[in-house]
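Trainee: structure here, sequence nowhere to be found:
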C-alpha cells in the first residue's frame, strides 16, 4: 500500500469513526473533521451501506448517519440537563416541535412555536396540559434544548430557558429546516404506532443476518451467540475471521472472539458513550460490585475477554436483596468518596449500578434475580500467591 493510499484509508477510517460516534456532524460542531467527511462522502456512504446497512446523507453544512436501531428495549433514553430522563410528555413535545419546524419559517418567535405545537397536537387528537402549567413549560423547554443541541434551533435573541419560569417570556429562534428534515431515521410513513416504528427500523431488510449481527457488534459491548438466532449464529461462525479484518480496516476496531461471543474493542477508547470502568460513583460501585459477585474465581489474562466457560464468572443467580447487602457494604466503605445523592438513596444507587452493568452486557436479570454474564470474567479479582 502506497503512502497516499494509506493516508486516504486513515482519513476515511477517522471520518467513519466520527460518524459512528456522532451521527450528526456539522461544519460548526466539528470544523476540522467535517471536511474529511465531505471529501470521502461517496466512499463512506458506500461502506456504511454495504457493511451496516446505514444511510449516510452529506450536505454542504452537515452529515447525518441514519442508524437502524436494534429493536425494543435496545435504545438509550434522552436526558435533561439535570440528568433526569425524558418523560413521555417531553418526548411528545420533542416530536411535535420537530414536526412543525420542518415547514416553519427560517426564524420565528418562541410564542409561535408554542402555538404551532399545540395546533399540531390538536390535529392528531393529542391532549396537552394547559400551556401556563409549569410542568408543560418544563417539558417543552427540555425538547427545545435538545433541538438546540442538535443544531436544529439556535437562539438569536432571548433564551428558551426563560420560558420555564415565565409563560410570557419571548425569544427569537432560527431554524435549520434541512437538519430538521434529516433528523428522523425511522420509516415513519410506513407505520401507525411507536412499537411498529421501533420494530420496522431494526429490520435488516435484504441483508439478513449479515447486517443484523454487524449492527449488534458495533452498537453493543458484547454479542453473545446465545442471544442470536440460528441463522445469525451460523453466519457469525462461518465469517468471524473475515469480520475481524473488515472492522479493523473500516473502523480500526479489534475483534475479540471467544466460544460464547464476540466483542469489538476500540484501542483508542473513544467510540463508546459508556465509560466502564470509569470515574464517578456509579461506575466505581459497578466495578466493585462485579468483583464482589465474581469473587473467588481466577482472573484471566488482561487482554482476554474471558468468554470461555472455564474462565467465566460463577453462573449462580443473586437476589436483589443480596445485591442490596453488597452495595450497602460498599457504601459503608466508600461513603466519603461517593456522591451523597447515591449514598443517601440505596435504591437509586442500585438502579443506576445494575442499569450500567446490564448495558455493558455484564449482568442480566432473570426471574429469580441477577446473573453475571461471561464477559464479567474480565473483572474477576486476580489472586496473588506469595
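Mentor: Right, received. Where do you want to start? None of these values were measured; they are calculated from a predicted model.

Trainee: mind showing which ranges of the stretch 151-300 of the chain have poor pLDDT?
Mentor: Under the criterion pLDDT under 70, the flagged ranges of the stretch 151-300 of the chain are 206, 296-300.

Trainee: at 80 instead, please
Mentor: Applying pLDDT under 80 to the stretch 151-300 of the chain picks out residues 186, 189, 191, 202-207, 273, 275, 295-300.

Trainee: so how far is residue 252 from residue 378?
Mentor: Using CB to CB, to the nearest Å, residue 378 is found at 21 Å from residue 252. C-beta here means a position set from N, CA and C on the backbone, and glycine is covered the same way.

Trainee: I meant to write residue 277 there.
Mentor: Counting by CB to CB - residue 277 and residue 252 are separated by 22 Å.

Trainee: looking at those two, which is more packed in?
Mentor: residue 252 (16 against 12; other CB atoms under 10 Å).

Trainee: hang on, the more buried one packs against residue 264?
Mentor: No. Using CB atoms under 8 Å, residue 252 is not in contact with residue 264, being 10.2 Å away.

Trainee: and the residue nearest the centre of this protein?
Mentor: For the chain, the residue sitting closest to the mean C-alpha position, by CA atoms, centre = their mean, is residue 76 at 5.0 Å.

Trainee: contact partners for that residue?
Mentor: By CB atoms under 8 Å, 6 or more residues apart in numbering, residue 76 lies in contact with 273, 359.

Trainee: residue 317 too?
Mentor: Neighbouring residues of residue 317 by CB under 8 Å, 6+ apart: 366, 368-371.

Trainee: just the residues you listed now: which is nearest residue 24?
Mentor: residue 370 (35.6 Å; CB to CB).

Trainee: who does that closest one bridge with?
Mentor: Under the criterion DSSP bridges, residue 370 forms beta bridges with residue 318, residue 365.

Trainee: separation between it and residue 358?
Mentor: Residue 370 is 9 Å from residue 358, where distance means CB to CB.

Trainee: neighbour count: those two, which is higher?
Mentor: Neighbour tally, residue 370 and residue 358, criterion other CB under 10 Å: the higher count belongs to residue 370, 19 against 14.

Trainee: now do the contacts for that one.
Mentor: 317-320, 323, 354, 363-364.

Trainee: picking up where we left off before, so the residue nearest to the centre of the chain, which of the three states?
Mentor: Three-state assignment for residue 76 (DSSP: H, G, I helix; E, B strand; the rest coil): coil.

Trainee: got phi/psi on the residue nearest to residue 216 when sequence neighbours are not counted?
Mentor: Of all residues not flanking residue 216 in the chain, residue 223 sits nearest, at 4.9 Å (CB to CB, 6 or more residues apart in numbering). The phi/psi pair for residue 223 (degrees, to the nearest 10) reads phi -110, psi 110.

Trainee: residue 223 and residue 175, how far apart?
Mentor: Distance, residue 223 to residue 175, by CB to CB: 40 Å.

Trainee: domain map for the chain?
Mentor: The chain breaks down into these domains under automatic domain parsing: 3-66, 88-183, 208-265, 281-379.

Trainee: using a markdown table, lay out the ones you listed together with distance to residue 273.
Mentor: A markdown table is the format used below for the domains of the chain (distance: least, CB to CB, whole Å):
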| stretch | distance to residue 273 |
| --- | --- |
| domain 3-66 | 8 |
| domain 88-183 | 14 |
| domain 208-265 | 11 |
| domain 281-379 | 10 |
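
Trainee: closest one to residue 196 among those?
Mentor: Evaluated over those, closeness to residue 196 peaks at domain 88-183, with 15.1 Å, by CB to CB.

Trainee: in the stretch 151-300 of the chain, which spans are strands?
Mentor: Ranges of strands in the stretch 151-300 of the chain, per DSSP state E, counting those that start in this stretch, are 153-157, 172-175, 223-224, 254-258, 261-265.

Trainee: thinking again about what came up before, how near is the residue nearest to the centre of the chain to residue 263?
Mentor: Computed as CB to CB, the residue 76 to residue 263 distance reads 19 Å.

Trainee: go on, residue 292?
Mentor: 23 Å.

Trainee: who's more crowded, those two?
Mentor: Applying other CB under 10 Å to residue 292 and residue 263 shows that residue 263 carries more neighbours, namely 21 against 17.

Trainee: these two touch, right, the residue nearest to residue 216 and residue 261?
Mentor: Yes. At 5.3 Å, residue 223 and residue 261 qualify as touching, with contact defined as CB under 8 Å.

Trainee: ok, now how distant is the residue nearest to residue 231 when sequence neighbours are not counted from residue 239?
Mentor: Taking CB to CB, 6+ apart, and ignoring the residues beside it in sequence, residue 231 has residue 209 as its nearest neighbour in space, at 4.9 Å. Per CB to CB, residue 209 is found 9 Å from residue 239.

Trainee: cheers, nothing more for now.
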